[in-house]
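**Student:** got a structure for you, letters missing:
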């Protein structure tokens, strides 16, 4: 075996080790992100009225991505509210309208 073959084998082993480490790192990052989302959700749920909490639960079930967007906006809204003031269902609806993506219009011609 010449030097070139040895270098190729070493490089191949190194690449395989890197590939094996990446999934573990990704899993750790995903776990950390999920923990942060759960903590934020627990914090925000304290500030929601019963109706708003039900609506948030429906959003989370139907669209987890939209629920995360909603959490971030609600976190900002809570910072500007008074300490014991709750977020009503109507305020949650307004937040949802603001973060809603514009619908595409289609014109069908014959």
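**Tutor:** Happy to help now that I have it. Since this is a predicted model, take the numbers as computed values, not measurements.

**Student:** What's the per-residue pLDDT of the residue most central in space within the chain here?
**Tutor:** Residue closest to the mean C-alpha point of the chain, counted by Cα atoms, centre = their mean, is residue 68 at 4.5 Å. Residue 68 carries a pLDDT score of 90 in this model.

**Student:** Give me the distance between the lowest-mean-pLDDT helix or strand in the chain and the centre of its chain.
**Tutor:** Lowest by mean pLDDT, DSSP states H and E among the helices and strands of the chain is helix 3-45, with a mean of 80. The chain centroid and the centroid of helix 3-45 are separated by 19 Å, computed with Cα atoms, centre = their mean, to the nearest Å.

**Student:** which is the next helix or strand following that helix?
**Tutor:** Once the chain leaves helix 3-45, the next helix or strand it forms, by DSSP states H and E, is helix 50-62.

**Student:** Give me the residues contacting that next one.
**Tutor:** Outside helix 50-62, the residues within contact range by Cβ atoms under 8 Å, 6 or more residues apart in numbering are 45, 48, 66-67, 70, 86-89, 91-93, 96. Every residue, glycine included, has its C-beta placed from N, CA and C.

**Student:** for it, which positions count as buried?
**Tutor:** By neighbour count with 16 or more other Cβ atoms under 10 Å, helix 50-62 contains the buried residues 52-53, 55-56, 59.

**Student:** repeat for stretch 90-98
**Tutor:** Neighbour-count burial for stretch 90-98 flags 91-92, 95-96 (criterion: 16+ other Cβ under 10 Å).

**Student:** got a list of what residue 71 touches?
**Tutor:** Residue 71 is in contact with 37, 40-41, 44, counting by Cβ under 8 Å, 6+ apart.
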